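S.K.: predicted model and sequence follow; I will ask about them next.
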Amino acid sequence: MSSVPDGNRFAPPTAHVADMVSADSVELGGRGARLVAAFLDGLLIGALAWGLMLATPMWKMMTTGHISMVTAFLMQTVGGLVLFTAVQGFFLATRGQTIGKMLLGLRIVRSDGERASLGRLIGLRYAIGSVIGVIPFIGVFYVLVDCLLIFRESHQCLHDNIADTIVVKA
């Protein structure tokens, strides 16, 4: 049985809940810096993905109709996540940064200031948004809401809320 405070079995349970890091104790990453970092990351992954697609039979299969566009789209989504993890995974796991965030002096941490695990970053912060983003109609709405939420005082986007992360200056 759980502990009973002061012997009163009708008292509400007690638990210590760690507070989130306040905006005063850390310097949040700026909106502009986050945008540029995301653009640089997208440019890097996009260029690598385009090069791989042209260097493999994928491009020919897509342009000649050997595979459906839905299949190609799904392969590109999964392939993009795998490529993103291969390129950015080491830096995310060891530093909490993507290459773009490193260049702009930003890093990703949990909302309590602790280091975020690679599983949390890839699985919750990036993969969920990528999968939702490709769903017709819903994906467009998700991406729009995700982007617009950065204008809150906390500077957290929807993917930050899902993963319980914040972006701070490194």
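M.R.: Yep, that arrived. Numbers count the residues shown, from 1 in each chain.
S.K.: and the longest helix anywhere in the chain, what does it pack onto?
M.R.: When the chain is parsed with DSSP state H, its longest helix is helix 69-95. With contacts taken as 3 or more C-beta pairs under 8 Å, 6 or more residues apart in numbering; DSSP states H and E, helix 69-95 sits against helix 31-55, helix 58-64, helix 99-103, helix 118-119, helix 128-133. Placement of C-beta: from N, CA and C, glycine included.
S.K.: give the contact list for residue 147.
M.R.: By C-beta atoms under 8 Å, 6 or more residues apart in numbering, the contact set of residue 147 is residue 157.
S.K.: if you skip the residues just before and after it, what's nearest to the residue most central in space within the chain?
M.R.: Residue closest to the mean C-alpha point of the chain, counted by C-alpha atoms, centre = their mean, is residue 125 at 2.7 Å. Spatial nearest neighbour of residue 125, excluding adjacent residues (C-beta to C-beta, 6 or more residues apart in numbering): residue 163 at 3.8 Å.
S.K.: quickly note the distance from the one you found to residue 83.
M.R.: 20 Å (C-beta to C-beta, to the nearest Å).
S.K.: likewise residue 38?
M.R.: For residue 38 relative to residue 83 (C-beta to C-beta), the value is 16 Å.
S.K.: by contact count, what packs against the helix-or-strand element of the chain with minimal mean pLDDT?
M.R.: Scoring the helices and strands of the chain by mean pLDDT, DSSP states H and E places helix 58-64 at the bottom, with a mean of 80. Packing partners of helix 58-64 (3+ C-beta pairs under 8 Å, 6+ apart): helix 69-95.
S.K.: now the angle from the helix it packs on to helix 31-55?
M.R.: Counting by axes from the mean of the first three to the mean of the last three C-alpha atoms, to 10 degrees, helix 69-95 points 130 degrees away from the direction of helix 31-55.
S.K.: buried sites along helix 69-95?
M.R.: 72, 76, 79, 80, 81, 83, 84, 85, 87, 88, 92, 93 (16 or more other C-beta atoms under 10 Å).
S.K.: and the contacts of stretch 91-102?
M.R.: By C-beta under 8 Å, 6+ apart, stretch 91-102 touches 29, 36-41, 44, 87-88, 106-109, 115-116, 118, 121-122, 167, 170.
S.K.: alpha carbons only: can I get that stretch in CSV?
M.R.: The C-alpha coordinates for stretch 91-102 follow below in CSV (Å, rounded to 0.1, in the frame of the first residue of the first chain):
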residue,chain,number,x,y,z
PHE,A,91,25.2,14.6,-33.1
LEU,A,92,21.7,14.3,-31.6
ALA,A,93,22.8,11.4,-29.3
THR,A,94,26.0,13.0,-28.1
ARG,A,95,25.3,16.8,-28.2
GLY,A,96,21.5,17.2,-28.6
GLN,A,97,22.2,19.1,-31.8
THR,A,98,21.6,18.7,-35.5
ILE,A,99,24.3,20.1,-37.9
GLY,A,100,22.2,23.2,-38.5
LYS,A,101,21.7,23.7,-34.8
MET,A,102,25.4,23.3,-34.2
